[in-house]
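J.: show me the folded form of this:
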Amino acid sequence: MDKRKQPDQLSFDEAKELWDKLGNKADAELETPTEQEKREFHQKLYARIEAHQAKKRKIKTIRYTSLMIAAVLVLIGSVISYRSLYLPDVYQATQNVLTLTLKDGSSVTLSKGAKLTVEKSFPADTREVILEGDAVFNVTKSKIHPFIVHAGSYQTKVLGTIFKITQDNQRFNVDLYEGKVQVIKAEKPTETFIIKPKQTFSNFGSKDVATIVATKTADTTLKNNTATISFTDLKLMDAIKILEDTYAVEIQYPSTASNSKLSATKEKATAADMIRLISLKLNLNTKKINDKTFQLEE
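T.: Coordinates of the predicted model:
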């Protein structure tokens, strides 16, 4: 006995066709079908039903596939639209120096390995970009739309000027060639430093240090050299290294005071000015041995 499950869906036309094949003449004399005929009948019946169901499944599969393809195309279109409308533009100098012009007409020259990120909204009320690495900026002047470069822990804010930013790990420098630049500590927005042409801002690799000195060139003379110096909770031995590098002098100090911390800020200061200020902060005495050698004593 065939134990296969009987289909529960058979259209009226299909049932009528099968009935007609069995014979529908009222006066016909029907013979009892043999077992072989019964098996052939059932096989043909199930074959027709299976073919009908397979056709339905195929149609459903085609519809489902079409819907999936349409959905994928819509998704791809949405991603492309999102990227083109909202994601920032990223420029990177991978192999060589890269020079590019921004929408406001400002030009940027990226050093090898540098990366510049520009939001789609640029230029807006403020023209802001993010810099990783070194770059020279020639900013189109605008008194009402400041240009701000976010780099490391600092913001460099200008209205229109030519300047260079260099970064190496924690070290951050700004060389100004033309105009005026304001350097702002991101962590302390109220702590700002103004740079004038032919001056360099440097943090000497520490967020607790800020110096502004004349940009060093082959013709730079250190005689009567002045600088703007700012130390925040800095160890004496670190402060001495910065002063020695800035003024090209030697400063001797007691080893017992090496780790003493100090905070000091002075604009247009000479080496002697800074040494006197440190001595007052740490209650030390000063002694000038010669023009390039100073001593701090307990």
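
J.: point out where the stretch 151-298 of the chain drops to low pLDDT.
T.: Counting by pLDDT under 70, the stretch 151-298 of the chain has low-confidence residues at 218-224.

J.: which stretches in it count as helices?
T.: Assigned helices in the stretch 151-298 of the chain, in chain order: 236-247, 271-282 (criterion: DSSP state H, counting those that start in this stretch).

J.: and the last one, what other elements does it pack with?
T.: What it means is helix 271-282. With contacts defined as 3 or more CB pairs under 8 Å, 6 or more residues apart in numbering; DSSP states H and E, the secondary structure elements packing on helix 271-282 are helix 236-247, strand 261-269, strand 285-290, strand 293-297. For glycine as for every other residue, the C-beta is placed from the backbone atoms N, C-alpha and C.

J.: wait, which of these is closest to residue 181?
T.: Nearest to residue 181 among the helices and strands packed on helix 271-282 is strand 261-269; the distance by CB to CB comes to 15.8 Å.

J.: next, the angle from the closest one to helix 236-247.
T.: Angle of strand 261-269 versus helix 236-247, following axes from the mean of the first three to the mean of the last three CA atoms, to 10 degrees, is 20 degrees.

J.: so what are the sheet partners of strand 261-269 and their directions?
T.: Sheet pairing here is set by DSSP bridges, and for strand 261-269 it gives strand 227-235 (antiparallel).

J.: which of the residues in the strand it pairs with are buried?
T.: Applying a neighbour-count criterion of 16 or more other CB atoms under 10 Å, one finds 227-232, 234-235 buried in strand 227-235.

J.: what's the most buried one of the helices and strands packed on helix 271-282?
T.: For those, the largest average neighbour count (mean count of other CB atoms under 10 Å) is found in helix 236-247, namely a mean of 19.

J.: next, the angle helix 271-282 makes with that helix.
T.: Orientation check (the same axes, to 10 degrees): helix 236-247 against helix 271-282 gives 170 degrees.
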